[in-house]
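**Q** Could you work out the structure for the sequence below:
(one chain, ligands or ions: 1)
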Amino acid sequence: MDNLWSPWRSSYITSSEHRLADGCFLCAASRSDVDRQGALVVASFPSTIVVLNRYPYNAGHMLIAPRDHVGNLAEIPAHVSHEIMDVTQKALRVLERELHPHGVNVGANLGSAAGAGVPGHLHIHLVPRWNGDTNFMPVIGEVKVVSEQIEEMWARFTEAFSNVAST
Ligand SMILES: [Zn+2]
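**A** Model (predicted):
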C-alpha cells in the first residue's frame, strides 16, 4: 500500500489529540496517576507504555512509546530500546491472540518531515492488517471509529497484555 503512513500526517490528527494545549499526550499517558482508560493505556512497563491510537488506521492500532519525552531513536538508552523491542513482541502476541491479523505493519515516523504527529516523543506504530483491508481502511480510519469500539478494545487489550506479560 503506497500511502500507508500518510494518514498519520492528517490535519485532523495533528489538530486534536496530538496537540494538547498543556503538552504531549504520550507524556500525559506515561504519568503514574493517569486515567488509564481515558488515556487508552493498555500496558505499562518500567520504561515503556502501550496506548491505543485514538484515531486508528485499522482496528487494534497501537503505539509503543518510551515514558521519557525523547524523539531521537538513535539516542535513547540501550535498556530502553531493548524494552521497546520486548514490548513490541508482547504487543504482537496480543494482536495475534485477540485479532488474528494476516500481517502487521510495525514502524515509526522519525521527525516531522517523515510524518510524525508528535516528533518530540518517539512512538512505534503497530497496525494489524488483513488481506483486502486496503479498500475499507480509509472508511474505518480516523473519524469513523466510535468511542464504544475503542473502549471495548481497551478492555480486551488490557486483559490480554496482563496475560502475555506473565508467560
Ligand atoms: Zn512526550
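
**Q** Of all the residues in the helix ranked longest in the chain, which ones are buried?
**A** Determined from DSSP state H, the single longest helix within the chain is helix 78-99. Buried residues in helix 78-99, counting neighbours by 16 or more other CB atoms under 10 Å, are found at 80-81, 83-84, 87-88, 90-95, 98-99. Quick note: C-beta positions are derived from backbone N, CA and C, even for glycine.

**Q** Likewise for stretch 149-160?
**A** 150, 153-154, 156-158, 160.

**Q** for stretch 35-46, same thing?
**A** Quick answer for stretch 35-46 (16+ other CB under 10 Å): 36, 39-45.

**Q** could you check whether it is close to the ion?
**A** No. In terms of CB under 5 Å from the ion, no part of stretch 35-46 sits within range of the ion; the closest distance is 12.4 Å.

**Q** Name the surrounding residues that touch that stretch.
**A** Contact partners of stretch 35-46, identified using CB atoms under 8 Å, 6 or more residues apart in numbering, comprise 25, 28-30, 34, 49-54, 62, 83, 87, 90-91, 150-151, 154, 157-158, 161-162, 165.

**Q** Filter those down to just the ones in helices.
**A** 25, 28-30, 83, 87, 90-91, 150-151, 154, 157-158, 161-162.

**Q** Check these and tell me the two furthest apart.
**A** E83 and E151 (27.1 Å; CB to CB).

**Q** Can you list the low-confidence ranges for the protein?
**A** In the predicted model of the chain, residues 1-22, 135-146, 165-167 satisfy pLDDT under 70.

**Q** who's in contact with the residue sitting nearest the centre point of it?
**A** Central residue of the chain (CA atoms, centre = their mean): L63, 1.5 Å from the mean position. Counting by CB under 8 Å, 6+ apart, L63 makes contact with 26, 50-53, 123-126.

**Q** what about the nearest residue to G103 once chain neighbours are set aside, distance to F161?
**A** Distances taken as CB to CB, 6 or more residues apart in numbering place R129 nearest to G103, at 4.4 Å, with adjacent residues excluded. Separation of R129 from F161 (CB to CB, to the nearest Å): 20 Å.

**Q** Between the two, point out the one with more neighbours.
**A** F161 (23 against 18; other CB atoms under 10 Å).

**Q** Now do the same contact list for the more buried one.
**A** Counting by CB under 8 Å, 6+ apart, F161 has contacts 42-43, 50, 90-91, 94.

**Q** before we move on, which element is the closest residue to it other than its chain neighbours in?
**A** Among residues not flanking F161 along the chain, A43 sits closest, at 3.8 Å (CB to CB, 6+ apart). Assigned by DSSP states H and E, A43 belongs to strand 41-44.
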